Every structure is written in structure tokens, then in C-alpha cells.
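[1] predicted structure and sequence below. I'll ask about it afterward.
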Amino acid sequence: MDPASNRYQLLPYARCGFSGLKLPRISLGLWQNFGSSSSFENARDMILKSFDHGITHFDLANNYGPPPGSAEENFGRILSTDLAAYRDELIISTKAGYLMWPGPYGEWGSRKYLLASLERSLERMKLDYVDIFYSHRVQETMGALATAVQSGKALYAGISSYGPERTREAAAILRDLKVPCVIHQPSYSLLNRWVEGGLLDVLEQEGIGCIAFSPLAQGLLTTKYLNGIPPSARAAQEGSFRTSMLTPKNLANVRALNDIAQKRGQSLAQMAIAWVLKNPAITSALVGASSWPQIQDSLGALQNNAFTPAELSQIDAHASDGGLNIWAASSQSG
Ligand SMILES: NC(=O)c1ccc[n+]([C@@H]2O[C@H](COP(=O)([O-])OP(=O)(O)OC[C@H]3O[C@@H](n4cnc5c(N)ncnc54)[C@H](OP(=O)(O)O)[C@@H]3O)[C@@H](O)[C@H]2O)c1
């Protein structure tokens, strides 16, 4: 079926740092719910409807699934059956860093691992190149990112979860290698504000775009956990959403933030995304989803993304760090 003809009238696009690349203000990530342990038809529905609504950027990594690799395989299948004619309209990213295969070359940041992993990602997605290749773990990998770009297997280099100093270092190394660092992908939400402690300033100074992942704190910044854990929710599955994150303090903050969202006439998910996007350093909010109606709700964030100073100070009183940054170690490790 052809994609919707009005798809480019629905969503704003923002320039990524000083680069010429524009990203949709809301992008879709395939970390959870797109692997072979989830419904293929649901994954396909989310991807095709997202594209119909102007989402041009899909974010993957070698290990997304579950199981690892299967999100790229499914995405490759959907690309070749439904979107093959639209490759030039898509920004597809992948990453390497976390454990992917056994032994010393199956994780971390060696050139050996990164470039082999990129080859395997391209095979799984049946692609000649990705648009953005990220290192999301260590810093001694800039040469490999530059090789990926110079060999044409990636168009842009990005880094993920690096702290402010390592970001500056990485940007300088990449500049020397004549491959600019175009994008940084950190976690950022109302309950996880670590990027405000210097990283966003560095990104603005360096002209690096920023795509904020987990703006809904993996679903905590919605109303779904206010009355227990629904069996279908991410926190009910073994994995990245630890139930220890559902502290009374976090839930009280979520409840208070939900009241503010209601007064603004939007869902809490919408307010959480709008709040992340209000920062001028943020190019795109990288959301996840387990169904198309969730993505549709999230896209509604763009209908009301202005905040009064009074709203911002009410929000600040409840947007306090909730111990959710499970990626903190990789922002410091080298
Ligand atoms: N670079 C890195 O190290 C890194 C790490 C993590 C993530 N990421 C990227 O960021 C992307 C997004 O991460 P995330 O999935 O944690 O993002 P998120 O947007 O914070 O959370 C998505 C989850 O929130 C729930 N949800 C989404 N929209 C909703 C809505 N409108 N109403 C109610 N619930 C809603 C769903 O939970 P249920 O499944 O419970 O329904 C969904 O799976 C990933 O796919 C990946 O691309 C990158």
C-alpha cells in the first residue's frame, strides 16, 4: 500500500545541530516490542503508520529485540516488503556498544567490534548503508566511526550517553578526522534530568544535535502505573524497566505531573514529550511504543508545546530525579 500523500504536512522537522540533517520532532525507537518475541504485524503497523504520519527517523541498535538482532531483522523485512521505494525518505540509525556476541570482540568499543557489528546490522536490515552510526558505550571508537562514514556504510556519526567532557573529547577527535559528530543520543525526561548538568550546553556550543531517548521514562511518565502494574506493561516483563523504579516518591511526582497535564488539556505522555522538546538543544524526542494508538497520542504533544513560566515552576517542583538513569555508567566509562 502507498504511504499517505499528506505525510509531510503533519510534523515539524528540526535541523540537527550545525549539520544539514533535519529530523522529525518525534522519532520512533525500536528497542522494545519490535523483536521476534513480539507481534510482527503490530510492529509493522506501528512503523507504517508512523511513516504515514511524517515520522521519517527510526532508531535501532545491534542488540534491539528481544532477542538481540531481531528488531533489525524485522525492520529489514518491513523495509524490503513495504518501504523499499522510500529508502531516500528515511533516516535509519543503528549502534554498537553493548554485548552482542561472545568473546572480547562482541561488546565495548574496539574497532574490530564496531565495524564487524555494523556489517552484521547492514545484513540484518538488508541495507547498503545506515544514515547514522552511533557508539553507545565507550570513547575509544572515534576512528571506527570515522571509518564507517568514510567507507560510506554510514552517512553520519553519533555518540550516545556520553557525559559532557567525553562529548567534547569525542567531538574534537572526530573533527580532526574530518567527520563531524552530528548527533548525541542521551536519556532525558521529567524524572531523569542529568543532561541539564552541562551536556546540553556542550552540545549547543559544539553544534551537535540532540535526540532525547526515553522521554516517557519507559512508560512511567504516563498514567499506566498509578494503580499497580498492568500485566501487558513493560514493567511486568523481565528487563529494562525495574519495578524498583516505581517508588512512592516517583509515583507521587507522576500523579502531580498528571494533574498539571490535565489542566493543560493534554495527556501526561504528551506533556512529558512537549517538556523535553521545549529545550532549544533538543532536536527530536525519541519515543518507544507498544501500539499505534500510543504513538498517535505521543504525536499529539506537538499540538500544545508552549509552557507558561507558572506551569514550568509547578512542573519543576515535581520533576525531580527518580533514579532512572540506568545508562549513567556508560556516560563516564572510557
Ligand atoms: N542509546 C541508548 O543507550 C538507548 C537506550 C534506551 C533507549 N534508546 C532509544 O530510545 C527509544 C525509546 O525508548 P523507550 O522505549 O524507553 O521510550 P519511552 O517513550 O520513554 O517509553 C516507551 C514506552 O512507554 C509506553 N508508552 C509510550 N507511549 C505511550 C502513551 N502515549 N501512553 C501510554 N504509554 C505509552 C509504552 O510502554 P508499554 O510497553 O508498557 O506499553 C512504551 O513501550 C528506544 O526504542 C531506543 O531507540 C536508546
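    Thanks, I have it. Numbers count the residues shown, from 1 in each chain.
[2] count the neighbours of the residue in the stretch 1-150 of the chain that the ligand sits nearest to for me.
    Nearest residue of the stretch 1-150 of the chain to the ligand: residue 29, at 2.1 Å (C-beta to the nearest ligand atom). The C-beta positions use only the backbone N, C-alpha and C, and glycine is treated the same way. Per other C-beta atoms under 10 Å, the neighbour tally for residue 29 reads 23.
[3] who touches it in this structure?
    58, 59, 60, 213, 286, 287, 288 (C-beta atoms under 8 Å, 6 or more residues apart in numbering).
[4] one more pass at 6 Å, please.
    Counting by C-beta atoms under 6 Å, 6 or more residues apart in numbering, residue 29 touches 59, 286, 288.
[5] what of residue 224?
    With C-beta under 6 Å, 6+ apart, residue 224 has these contacts: 230, 233.
[6] try residue 283
    By C-beta under 6 Å, 6+ apart, the neighbours of residue 283 are 14, 16, 23, 209, 210, 211.
[7] from residue 15, how far out is it?
    7 Å (C-beta to C-beta, to the nearest Å).
[8] so which residues on the stretch 51-200 of the chain come close to the ligand?
    Contacts of the stretch 51-200 of the chain with the ligand, taken as C-beta under 6 Å from any ligand atom, map to 59, 136, 160, 161, 185.
[9] just those: which are in strands?
    Cross-referencing those against strands under DSSP state E gives 59, 160, 185.
[10] that older thread, buried subset of the contacts of residue 29?
    59, 286, 288 (16 or more other C-beta atoms under 10 Å).
[11] where in the stretch 1-150 of the chain is pLDDT low?
    When residues are selected by pLDDT under 70, those of the stretch 1-150 of the chain lie in 137-140.
[12] quick one: contacts for the residue nearest to residue 185 when sequence neighbours are not counted?
    The shortest distance from residue 185 to any non-neighbouring residue, by C-beta to C-beta, 6 or more residues apart in numbering, is to residue 160 (4.0 Å). Contact analysis of residue 160 by C-beta under 6 Å, 6+ apart lists 134, 136, 185.
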